[in-house]
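Trainee: Sequence first, predicted coordinates after that:
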Amino acid sequence: MQLHKPDVVDAATAILDSYGIADLTMRRLARELNVSPGALYWHFANKQELLGAVADRILQPTGTDAGGFGWREKIHGICAALRDALLSHTDGAELVSSSFATGQSARAAAIVTQLADAARDAGVAAQDAETAARTVMYYVLGFTVDEQSRLQWDAAGALSDEQSVLMADTGREFGFGLQLLVDGLAVHGGADLGALRAKAE
């Protein structure tokens, strides 16, 4: 049976969901697909490229059109969809964070572009829009990595009630932190717009 690239990504995602990122190795993946490890390199140059493809699979549900909404609603919608996608896979946030850092995920890059567009709509200067977008992206990834780690420790019974994610309203906590960033963009964007108006006068 011929091996196709989507089959490899499907199998890798299944290993991730069942066993976590530590067990997602090329050797294990080849064993699951009943091929030699070398066969995988016909489809992916290295493991980082494979993880980028898995990251894109994880982020597939985030490709919603946020058109017709204001920039604040766009950011909240994009980030809520991103967090949901990350939480839907074991170690999803850790894997996507790694792939984002190495520039291997096309979908993560597309999310940054959407967030940068929203930042520009908020009045952030064009040269700062991508930095603003990446700051928001880092917040979502970092928050969700921590959330998933604590969920795993919870499942192992290693956290006290005070530390437990199960005892916390993580959705409210996530929203509060995101709102701080949105409020900061509004203030910064307003200052940038004010400076542009002053220059024009």
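Mentor: Alright, I've got the coordinates.
Trainee: Am I right that Ile58 is in contact with Ala85?
Mentor: Yes - here Ile58 reaches Ala85: they are 5.7 Å apart, a contact under CB atoms under 8 Å. C-betas here are computed from N, CA, C, even on glycine.
Trainee: Which one's more surrounded, the two?
Mentor: With neighbours defined as other CB atoms under 10 Å, Ile58 and Ala85 compare such that Ile58 has more, 26 against 23.
Trainee: how much space between the more buried one and Asp121?
Mentor: For Ile58, the distance to Asp121 (CB to CB, to the nearest Å) stands at 27 Å.
Trainee: Also Ala101?
Mentor: The value you get for Ala101 to Asp121, if CB to CB is used, is 27 Å.
Trainee: The two - which one has more neighbours?
Mentor: Looking at Ala101 and Asp121 with other CB under 10 Å, you find the greater number of neighbours at Asp121, namely 16 against 12.
Trainee: distance of that one from Ala133?
Mentor: From Asp121 to Ala133 the distance is 12 Å (CB to CB).
Trainee: State the number of residues packed around Leu141.
Mentor: 22.
Trainee: Excluding chain neighbours, what is closest to Arg107?
Mentor: What sits nearest to Arg107 in space, not counting adjacent residues and going by CB to CB, 6 or more residues apart in numbering, is Leu59, at 3.9 Å.
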